[in-house]
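S.K.: here is my input; please provide its structure:
(chains A and B)
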Amino acid sequence: MKAQAGQLARTLRAALLPVTQAVLRRPGLAQLAAAALDRFPALRRALRKVLRGPGWRPRDVHVPQTPNDLSPETLAALRALQAAFAQQRH
Amino acid sequence: MRIVIDLQGAQTGSRFRGIGRYTTALTRSLLRIAGAHEVWLVLNSDLQESIAAIRTDFAGLVPQERIVLFKTPAPVSDLHPHFEQRTRAAELIREHFIAALRPDAVLVSSLFESYFEHAVVSAGRHTDPARTAVILYDLIPFLNPAAYLASPLARTLYMAKIDSLKRAGLLLAISDYARAEAIDALDLDPTRVVAISTAVDESFLPRKMAPDALAMLGRQFGITRSMLMYAPGGYDKRKNLNGLISAYALLPQALRDSHQLVVASGLTERNRIDLTAHARASGLQADELILTGYVSDADLIGLYQSAALFIFPSLHEGFGLPALEAMACGAPVIGSNSTSLPEVIGLEEAMFDPASPPAIAAKIAEVLGDPAMLARLRRHGRAQAARFSWEATARRTLHALETQAARAGAVPAAPAQADLAAALAQVLDPGLEQEVLLELAFCMAAMPDLQRRPLLLTDNTSGQPVLPVQTPVVLSHASGVWHYRTAPGAAGAGTVADLHTGDILVDIDIAGPSVMLAAAAGLYGYLHRLGVVLHFTAGDTVPALVGLHQPAWTALLACADRVVCSSENVAEVLRMNLGETARALPLSVQETGARTS
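M.R.: Presented below is the predicted three-dimensional model:
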């Protein structure tokens, strides 16, 4: 029974992910969806859990969610990471 | 010497088992004898449930600011391929975090913890492992791959851990046998493997149980006759439970009539069915075998103290702690002559061949039929148990760490952030999602900095004047995350402030609307676990609001290091309404106003 439920969840996830991505690629829709989900955090968490699979859990309250509003230390770390990735690509 | 101890062995599910006990007991003893050595405890911030308990456990033994937390890009897990990249990144971050503390020696309490979700343990993936010492409990899966590593995933994961084990500069084996076995099986340099032994908790004492307590224990588990006891420390084929049941079936009828076989261990329903079926097939009556299931420490001690004979027939152990516990409690103990058990039991006449049920039965009958031998076993057991102590184990550990540190030479400089970034870029997919990148940056920003001085910050969300020694910060939820940022008017106004272990944040108004929202989102719980000292204030509005906010304040003040009340009345209201939480808190009254300044 548990195995069947797991299989069903995996199938649903596999089906939902491309559909959601395709819908969100339409102009403005991603922002609209994000704004709507911002108002309903429980729905956002549930949706992300379905899309991201087992083991996913909501991010901690203190982890920054936008690169435009970081502490100086986190910003420096982000730049170091971006530089390292750029270096790796070359 | 600076010793850094990775305490994840006391954080995962292991904290309910032997490894957790070993980790905690050894660390506590090390801290007691550390003298001039500086000990730091490193915890995994994503194993949240255990952090507050560990801070409480070690309060007074180590300054709170030396209990530091590394952050990983959770979720990480060795068991799920989906998280493989995050797990590799987390390993690099953890090693970098420890290296940033510039340790002379690193002690890893358990290398095999990452089978549990969110635990991260490795050696030598990013930094030099020469200073890393790993506690080695046993190599049972390595030596018995057919039984333990049948699945390819289990084998891959375990062998990766073995690679880390081989890279570590020093292995600390829990017995002479485990040391010899590791040297032989992994072809290790014997100078890199030191036996540090183990010990039993101080609560395992020989004490005669009161008749009513004994009767209650008997009723609890259905014990009506003298006990032949086995506490295997968990169910496993190598524990040889079937062998013991078969041996019991071979005992003379008179002994079976006067003794029950009691197995004290947590068991699954499947284990229980299998054991009961084997007992029936061996001809045991239903009341001859008692499977207690999980027993508390208090009950276990009671069972040891009242056992007629304790039998430890295990086929393979790294140490065999239950045998030592039983001896410490005054039980006569006989056991297997294989692996580490001769070293633990330490008496030739108390040994038998565990592979032979007739040999086990013969030894049981011999002991039960000879009161002088029973008395001899009790005397020997107490003397043998006294030879093992946590202090002795801690001294051996400290000596081994000192030798290893001397061999490793001068401590290198703290590693550069760019090195970690480059290492992460090598193990991660370049098309990483931005949120993962942000999380990684946050993990990197949380690295310890030995030069950094703790900050005194004041929560100035309400905009009151502050003293010049304090950095005013205000709560903000502007970018979807609750955090503090530098208050308007102060230098660097509006900048997000990352708080670190040892920072002190004062004047947090428990009735402030933003404070309550941030608390509900878990901000203060996070800061408390991190080791930020939190001073709350409770003003004159508290009595009027306490009915409404009682549950929220109870949770919030569980994170408080101090609460400053504006009057004795406010303090009394908190004491009356918040019960245990408030009673455990340092409440103080500042009549001129509740502010800490």
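
S.K.: how near is the residue in the stretch 1-150 of chain B that chain A sits nearest to to A:Gly6?
M.R.: Here the stretch 1-150 of chain B gets closest to chain A at one residue, B:Pro75, 4.8 Å apart by C-beta to the nearest C-beta. C-beta coordinates here come from the backbone N, C-alpha and C atoms, glycine included. Distance, B:Pro75 to A:Gly6, by C-beta to C-beta, to the nearest Å: 17 Å.

S.K.: where does the prediction get shaky in chain A?
M.R.: Applying pLDDT under 70 to chain A picks out residues A:1-3, A:17, A:21, A:24-32, A:34-42, A:44-45, A:48-61.

S.K.: and the longest helix for it?
M.R.: For chain A, the longest helix by residue count, based on DSSP state H, is helix A:2-24.

S.K.: got the contact list for the closest residue to B:Gln434 other than its chain neighbours?
M.R.: Leaving aside its sequence neighbours, B:Gln434 sits nearest to A:Pro67 (C-beta to C-beta, 6 or more residues apart in numbering or on different chains; 6.9 Å). Residues near A:Pro67 by C-beta atoms under 8 Å, 6 or more residues apart in numbering or on different chains: A:Leu78, B:Gln434, B:Leu438.

S.K.: equivalent analysis for B:Leu557, please.
M.R.: By C-beta under 8 Å, 6+ apart, the neighbours of B:Leu557 are B:Ile510, B:Phe536, B:Val563, B:Leu574, B:Leu578, B:Thr581, B:Ala582, B:Leu585.

S.K.: how about 7 Å then?
M.R.: With contact taken as C-beta atoms under 7 Å, 6 or more residues apart in numbering or on different chains, B:Leu557 is in contact with B:Phe536, B:Val563, B:Leu578, B:Thr581, B:Ala582, B:Leu585.

S.K.: restricting to C-alpha, output whichever helix or strand the fifth one is part of in CSV.
M.R.: Put plainly, it is B:Ala582. In the assignment (DSSP states H and E), B:Ala582 maps to helix B:568-583. This file holds the C-alpha atoms of helix B:568-583, laid out as CSV (Å, rounded to 0.1, in the frame of the first residue of the first chain):
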residue,chain,number,x,y,z
GLU,B,568,7.6,42.7,40.5
ASN,B,569,4.0,42.5,39.4
VAL,B,570,5.0,41.7,35.8
ALA,B,571,7.5,39.1,37.0
GLU,B,572,4.8,37.5,39.2
VAL,B,573,2.3,37.4,36.3
LEU,B,574,4.9,35.6,34.1
ARG,B,575,5.7,33.1,36.9
MET,B,576,2.0,32.4,37.5
ASN,B,577,1.1,32.0,33.8
LEU,B,578,4.1,30.5,32.2
GLY,B,579,4.6,27.8,34.7
GLU,B,580,7.8,25.7,34.3
THR,B,581,9.2,27.9,31.6
ALA,B,582,9.1,31.0,33.8
ARG,B,583,10.3,29.2,36.9
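
S.K.: can you read off the pLDDT for the nearest residue to B:Leu244 once chain neighbours are set aside?
M.R.: Once flanking residues are discounted, B:Leu244 sits nearest to B:Pro313: 4.9 Å by C-beta to C-beta, 6+ apart. B:Pro313 carries a pLDDT value of 98.

S.K.: so B:Pro313 is in contact with B:Ser336, correct?
M.R.: Yes - contact criterion C-beta atoms under 7 Å: B:Pro313 and B:Ser336 qualify, at 5.4 Å.

S.K.: mind listing the shared neighbours of those two?
M.R.: Common neighbours of B:Pro313 and B:Ser336 (criterion: C-beta under 7 Å, 6+ apart): B:Pro354.

S.K.: secondary structure element holding B:Glu202?
M.R.: Taking DSSP H and E as the definition, B:Glu202 sits outside all helices and strands.

S.K.: ok, how many other residues are close to residue 78?
M.R.: Using chain A. 22 (other C-beta atoms under 10 Å in any protein chain shown).

S.K.: wait, chain B
M.R.: Neighbours of B:Asp78 (other C-beta under 10 Å): 24.

S.K.: equivalent analysis for B:Arg167, please.
M.R.: 16.

S.K.: just give the closest residue to it, not the sequence neighbours.
M.R.: Excluding its sequence neighbours, the residue lying closest to B:Arg167 (C-beta to C-beta, 6+ apart) is B:Gly124, at 3.5 Å.

S.K.: circling back: now, which of the contacts of A:Pro67 sits nearest B:Ala490?
M.R.: Checking these against B:Ala490 by C-beta to C-beta gives A:Leu78 as the nearest, at 24.1 Å.

S.K.: what's the first helix or strand after the helix holding B:Ala582?
M.R.: Immediately after helix B:568-583, counting by DSSP H and E, sits strand B:587-589.

S.K.: distance between that next one and the chain's centre?
M.R.: Between the centre of strand B:587-589 and the centre of its host chain there is 34 Å, according to C-alpha atoms, centre = their mean, to the nearest Å.

S.K.: report all helices and strands that it contacts.
M.R.: Strand B:587-589 sits against strand B:562-565, helix B:568-583, with contacts defined as 3 or more C-beta pairs under 7 Å, 6 or more residues apart in numbering or on different chains; DSSP states H and E.

S.K.: lowest average pLDDT across these?
M.R.: helix B:568-583 (a mean of 86).

S.K.: other residues contacting that one?
M.R.: B:538, B:540, B:542-543, B:546, B:550, B:553-554, B:557-558, B:563, B:565, B:587, B:589.

S.K.: tell me the SS of the nearest residue to B:Arg17 once chain neighbours are set aside?
M.R.: Spatial nearest neighbour of B:Arg17, excluding adjacent residues (C-beta to C-beta, 6+ apart): B:Gly234 at 7.5 Å. What DSSP: H, G, I helix; E, B strand; the rest coil gives for B:Gly234 is coil.

S.K.: where exactly do the strands run in the stretch 401-550 of chain B?
M.R.: Assigned by DSSP state E, counting those that start in this stretch, the strands in the stretch 401-550 of chain B fall at B:456-459, B:471-476, B:483-486, B:496-497, B:504-509, B:533-538.

S.K.: thinking again about what came up before, which one of the contacts of A:Pro67 is nearest A:His62?
M.R.: Once C-beta to C-beta is applied, the member of these that ends up nearest A:His62 is B:Leu438, at 11.7 Å.
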